[in-house]
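Student: show me the folded form of this:
(chains A and B)
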Protein chains: 2
Amino acid sequence: MPGNAIKLKNNLKTDKTQGLMLMKRKEFRELVSVEEARKIINSLKVTPEKEYLALENAYGKTLAEDIITEINVPPFPRAVMDGYAVRAEDTYAGSEKVPVKLKLLGNIPAGSDEKFRISAGEAVEIATGAPIPEGADAVVMVEYTYEENETVSVLGAVTAGENIMKAGSDIRKGERVLRRGRKLGTREIGVLASTGKKEVPVLRLPIGIISTGDELVSPGENLTQGKVYDANSYTLYAGVKECGASPLLYGIVKDDENLMEKVLETAISECALILTSGSTSSGSGDVMYRLIDRAGETLAHGVNIKPGKPVVIGVIKSVPIIGLPGNPTSALMIFNEFVAPLLRKSLGAGAGTRKTEKGIMGTDLRSEGRQQLLPVGMVRGRVYPADRGSGAITSLSGADGFIEIPPKTEFIESGTPVEVTLFGEVEKPDLQISGGFCPGLDVLEDLSGLRFRTLYTGSSGGFSAIAAKTADIAGVNLPSKSKGQAEALYNIPIMKNMELSEAVLVRGYRREVGLLVRLDSTIKGLEDLPGKHLINRNRGSGIRALLDLKIEELAGEKEINKKEFTDSIHGYSSGAKSEVAVCEAVLSGKADAGVGLRNCAEKNNDIKFIKIAEEEYDFLIRKEVLDTPEVQKFLQTLGSKEFASKLPAGLQVCERTGEIIYNG
Amino acid sequence: MPGNAIKLKNNLKTDKTQGLMLMKRKEFRELVSVEEARKIINSLKVTPEKEYLALENAYGKTLAEDIITEINVPPFPRAVMDGYAVRAEDTYAGSEKVPVKLKLLGNIPAGSDEKFRISAGEAVEIATGAPIPEGADAVVMVEYTYEENETVSVLGAVTAGENIMKAGSDIRKGERVLRRGRKLGTREIGVLASTGKKEVPVLRLPIGIISTGDELVSPGENLTQGKVYDANSYTLYAGVKECGASPLLYGIVKDDENLMEKVLETAISECALILTSGSTSSGSGDVMYRLIDRAGETLAHGVNIKPGKPVVIGVIKSVPIIGLPGNPTSALMIFNEFVAPLLRKSLGAGAGTRKTEKGIMGTDLRSEGRQQLLPVGMVRGRVYPADRGSGAITSLSGADGFIEIPPKTEFIESGTPVEVTLFGEVEKPDLQISGGFCPGLDVLEDLSGLRFRTLYTGSSGGFSAIAAKTADIAGVNLPSKSKGQAEALYNIPIMKNMELSEAVLVRGYRREVGLLVRLDSTIKGLEDLPGKHLINRNRGSGIRALLDLKIEELAGEKEINKKEFTDSIHGYSSGAKSEVAVCEAVLSGKADAGVGLRNCAEKNNDIKFIKIAEEEYDFLIRKEVLDTPEVQKFLQTLGSKEFASKLPAGLQVCERTGEIIYNG
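Tutor: Below is the predicted model of the structure:
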């Protein structure tokens, strides 16, 4: 591809004299800088309404008004101990040896509305929380008294005010106990309840959410040809909710200006701000931009930060509209970077209420030099890039948030401190796991109670991830066999080749690998493959490597040419990315045989398994994390009897399972 | 009080031969240790149900099942760039100078279900996200093409697979994308939407909440004699919700075993766990304990940690019941310490899912040597005790969480690292402010956008808080006047006396102080007070000190004896804790005059203000925090014109407002 991109397209016109006149396609107008975008967004008027909610429903909401108490707390002077309400001066002479005897008038339990009046030489039994009777100015703790025949003996003196909480000494009537803008947590709810508030004035900030695009269908509906499920409606719904605002879903709107205009009209009449996603790129129609430009005012069209190019900011009938990218990860990043702070600010939170967490880069990172938001995962404070490329939803599931890479940054070194803006409330994983797919990992995760972030990259990818420090652990099953060697060795030779001195290899378990064929297939083994259609696994997969090795062995035994043998198998160079894809190809008849684990066949009633080998699936673990509680827990689970007993069919632990078998 | 407490009470019997036989009252049975309590609570079976929620309502919930995708994501190979779908091999000869010309068959927008088949020399225009047509194996970016008369010219080569995302390369059909027990945040919601899930299996953990006590009434109801508002129903409701469980309120139940049994029966049939609060102390009836003991099994009665003594743990009909203390702060601490981890664990969260934050003690702390949970506030990582004593709701509003003080700890030094268990999601304050009440502080808080945690302690308390480092700033208005001095000096002499070298004094503003009397009062000034009833402010209040000074001046002028003068004023030694209390006493006729700010009279139409002096209300600020952005913002606001213009009546800035006037 040419390095200096020529930007041209569509509706080209020929000019007789000059030959081709290249007309620039309708490009984005001038991109605004991130700072300008922030200014524009900060200038938007997003005005909340006030609503009254029952106290129990107000949790997480923002107070719309100052709360001034109308009562004293406590409302009356009350006993803070079980005991006897007395006049302090009557007890001054009391001692253990010569107790003071007071006449007992009665008993005031908590909540009592009975009225007593205490005079000299009198006392009333009183419970914690009960109102102090008139005339009394102290409470003697029950432990320092005894009671007998309407008389209470006091074994020591109390001073005036002792064991009494004065009316209003906790919260005073007329005091502002909570300020407008305070987010209501458990404590605030407690204060509101204690001061008798049942209906609470809170802010309501209705935010309209519209997904646009002809390719979208709603989750739960049928996925017809060319369609994908709409994720943005739901991620933005959750994101808006997390900010304390009230999301309103307006569904999916096709790339059609008229349709869009109608939906926008409704949303404008009901919302304080509208978020759309999709239909903002100049490629697919740019409906949003044209609409805002026609019906209102465009404030920005494109922000000079990756992925902010498709962002549109405008106002129609004084309701701000922000158009987000269609890609769910991009949409969520732009939402958290620009929109969430606006919502929180509009709900009265202080400035800078971005949810961030400090971490350090866990790997070297090359950047393209352009200002960029990069999705990242965090594991134990270490930050890893989670970008899986164009629109991958796994970028999202693998990310806890994102970092902002400043312009002209081409390299961020491992160990550099970075600040991660979190995707709201996130539960971060305990271990970052890479490598080849194995159902045993699900068992390990379930039994250990650890949360894995698993990215199946194939075994080769696992080795690379450990070398690049982008994973804690990699599951690997790469065989290698030197000439003349009887048995294949697993993983260790590759570690040696790669000089992976920063990792250890822990013995995993054995897996039965074989051909997957239909029940009526005539294929009985590798030797039957020539002339048949095979669906192989992708390059980098250990199972693909194993098949290759087994065919080499077979060729050796039969004294035939390996290349000729594999050339005679249709699709030998194919590469399905998953076992499920392998099974599908076999079941649909597209292939006559595939290669995979016994476990895979067991799950499919219509697939037969023909064992060709047993392989070793081991775990590469970076030394740096070996002693962490998480890795130790992982190893403990791997070595446990329970794990051994719960492995699915075709997987089996061996003697050294869970032990370090090679130190790199 | 005797040091070695004699524990005895009630139903004392006399023994003719021995005189008094002291029968121990029914005391708590053996308290269990914190470790035992944790074990018991961990052994409780709190089993969630499964329910299906619409995706948009599933945010914050916990997955009840593994989510296995039934589709590939993307479901078809799709273009990741706008451009032309081609056979890669057709482009190999393409260059800027000699473009390859391909026949344009048509156009595939995103979401299209039109089917094309590309053969050699053909291309189809394609949008990002659109399905790759059959026969094509690459996409040429639009930037490297131009189009003319049904022909597209390609200016460079692409390789097979370029700009294409394969079907299932993001998420593979049959893959476990989310594990049972995963809490659903924005990302997880995005993954569920992308894989087409509309109804999500989540865990429902119904938790019954019952408040007990004859003294309780619900917020919103009338507060009759001896009653207080029920806070625990609502704090626990919010706390349970915050854990992701489903709270069910059963209201307030009186201290009556029969009533309680009925409510419990209903709750047991509907809940996985029941939380009660109150009625667990041996003083006020101990209804909960007797009930559990009779109808089920008591597992623990009292935990050996302050405030765990009233805690009851039991099981009735295999439903666990935990009785919490009645005091809201204690209830919330015990909830967060023991119950919240149980709820989170029952909902599948990993072990140790307590919300904690590290901090350092901001002040020396004396402890009683008993194992204890102490409510604390956090300001910028510094931890301060927030315990305001028995049942104060301000302990709760002043606390962000609590620390656990180990047994036999008598002293924790300022600077010691501590771990704070948070009261769930908390917004921590920006500044901790102590000292005398002033309506100007509310204005400062509102204008600065800072969040104050204000504890009105009176001016003396403010000086002490700064000395003890338990506040960042204290508002102080303490006058002092040496003999022969014409004018009173404010605050600086006290700083000198206390040798407060770690603080500076910042000039605040002037406040008009005067007598508060009824409209029809004949009182015209201090000289009219003898023979009248005065409601004075509490000791430590600057206004009280000022009144005293003014009377001294008056006595000097009139050459009368000050003591005789004050003795002739009824209630001169009284001490109302707030201005509101002063006004009430005056309005109700209990007092003929009070003392306070002009602002206070302005708010009460029936109170007249008779100015006796102007005082200075300044701010003591600890040097250690002087340069923090929060204090700088505070000072900036204090010195602003906007603040000057918004001060309420009777408060006025002066020339040096906002400046440091004394460096300690």
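Student: C-alpha from now on. contacts and neighbour counts both.
Tutor: Will do.
Student: from chain B, how far off is A:Gly575?
Tutor: 12 Å (CA to the nearest CA, to the nearest Å).
Student: from chain B, how far off is the closest residue to that residue other than its chain neighbours?
Tutor: In this structure, A:Gly575 finds its nearest non-sequential neighbour in A:Asn538, 3.6 Å apart by CA to CA, 6 or more residues apart in numbering or on different chains. Distance of A:Asn538 to chain B, computed by CA to the nearest CA: 11 Å.
Student: which residue packs closest to A:Gly391, ignoring adjacent ones?
Tutor: Looking at A:Gly391 with CA to CA, 6+ apart, the closest residue is A:Asn327, at 5.0 Å.
Student: number of nearby residues for the one you found?
Tutor: 20 (other CA atoms under 10 Å in any protein chain shown).
Student: surely it meets A:Thr276?
Tutor: No: if you go by CA atoms under 8 Å, A:Asn327 and A:Thr276 don't touch, sitting 11.9 Å apart.
Student: right, and the residue nearest to A:Gly575 touches A:Ala576 too?
Tutor: Yes: look at A:Asn538 against A:Ala576 with CA under 8 Å: they come within range, at 5.2 Å.
Student: who has more neighbours out of those two?
Tutor: A:Ala576 (21 against 17).
Student: residues contacting that one?
Tutor: A:Ile535, A:Asn536, A:Arg537, A:Asn538, A:Val582 (CA atoms under 8 Å, 6 or more residues apart in numbering or on different chains).
Student: apart from its neighbours in sequence, what residue is nearest the first one?
Tutor: Going back to what we said before, that points to A:Ile535. Nearest to A:Ile535 is A:Gly594, by CA to CA, 6+ apart, at 4.7 Å.
Student: what helix or strand is that neighbour on?
Tutor: If you go by DSSP states H and E, A:Gly594 is part of strand A:593-597.
Student: pairing partners for that strand, with directions?
Tutor: Counting by DSSP bridges, the strands paired with strand A:593-597 are strand A:503-518 (antiparallel), strand A:534-535 (parallel).
Student: coming back round to it: for the residue nearest to A:Gly575, give me its contacts.
Tutor: A:Arg544, A:Ser574, A:Gly575, A:Ala576, A:Lys577 are the contacts of A:Asn538 under CA under 8 Å, 6+ apart.
Student: how about the fourth one, phi and psi?
Tutor: Geometry field for A:Ala576 lists phi and psi as phi -70, psi 140, criterion degrees, to the nearest 10.
Student: what pairs with it across the strands?
Tutor: A:Arg537.
Student: pLDDT score assigned to it?
Tutor: Reported pLDDT at A:Ala576 in the predicted model: 85.
Student: burial check on the residue nearest to A:Ser153 when sequence neighbours are not counted, number of neighbours?
Tutor: Among residues not flanking A:Ser153 along the chain, A:Lys101 sits closest, at 4.4 Å (CA to CA, 6+ apart). Using other CA under 10 Å, A:Lys101 has 21 other residues around it.
Student: ok, now A:Phe609?
Tutor: 24.
Student: show me what it bridges to in the sheet.
Tutor: Bridge pairing for A:Phe609 - DSSP bridges - gives A:Leu516.
Student: pretty sure it is touching A:Arg598, no?
Tutor: Yes: between A:Phe609 and A:Arg598 there is a contact under CA under 8 Å: 6.0 Å.
Student: okay, and the common contacts of the two?
Tutor: A:Gly514.
Student: for A:Ala467, what are phi and psi?
Tutor: Torsion angles, degrees, to the nearest 10, at A:Ala467: phi -60, psi -40.
Student: just give the nearest non-adjacent residue to it, would you?
Tutor: That would be A:Leu500: by CA to CA, 6+ apart, it lies 6.7 Å from A:Ala467.
Student: now do the same for the residue of the stretch 1-150 of chain A found nearest chain B: its pLDDT.
Tutor: Residue nearest to chain B within the stretch 1-150 of chain A: A:Gly111 (3.2 Å; CA to the nearest CA). The per-residue pLDDT reported for A:Gly111 equals 87.
Student: didn't it look like it was pressed against B:Gly226?
Tutor: Yes: with contacts counted by CA under 8 Å, A:Gly111 reaches B:Gly226, the gap being 4.9 Å.
Student: of those two, which one has the most company?
Tutor: B:Gly226 (25 against 22).
Student: skipping adjacent residues, who's closest to A:Leu546 in space?
Tutor: Using CA to CA, 6+ apart, the closest residue to A:Leu546 is A:Pro479 (6.2 Å).
Student: repeat that for A:Ser573.
Tutor: That would be A:Asn536: by CA to CA, 6+ apart, it lies 6.8 Å from A:Ser573.
Student: which helix or strand in chain A has the lowest average pLDDT?
Tutor: strand A:19-21 (a mean of 33; mean pLDDT, DSSP states H and E).
Student: ok, then the element right after that one?
Tutor: That would be, after strand A:19-21 and using DSSP H and E, helix A:34-43.
Student: give the buried residues for that next one.
Tutor: Residues A:Val34, A:Ala37, A:Arg38, A:Ile41, A:Asn42 are the ones in helix A:34-43 that count as buried (16 or more other CA atoms under 10 Å in any protein chain shown).
Student: and stretch A:607-615, by the same measure?
Tutor: Quick answer for stretch A:607-615 (16+ other CA under 10 Å): A:Ile607, A:Lys608, A:Phe609, A:Ile610, A:Lys611, A:Ile612, A:Glu615.
Student: I'd like the distance between the residue of the stretch 401-550 of chain A at minimum distance from chain B and A:Asp430.
Tutor: For the stretch 401-550 of chain A, the residue closest to chain B is A:Gly449, as judged by CA to the nearest CA, at 5.9 Å. Distance, A:Gly449 to A:Asp430, using CA to CA, to the nearest Å: 10 Å.
Student: residues of the stretch 451-600 of chain A that sit close to chain B?
Tutor: A:Lys577, A:Ser578, A:Val580, A:Ala581 (CA under 8 Å from any CA of the partner chain).
Student: can you add distance to B:Ser318 and give those back as CSV?
Tutor: Shown next, in CSV, are those (distance: CA to CA, whole Å):
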residue, distance to B:Ser318
A:Lys577, 49
A:Ser578, 46
A:Val580, 44
A:Ala581, 47
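Student: ranking by neighbours, what's the top pick from these?
Tutor: A:Ser578 (25 neighbours).
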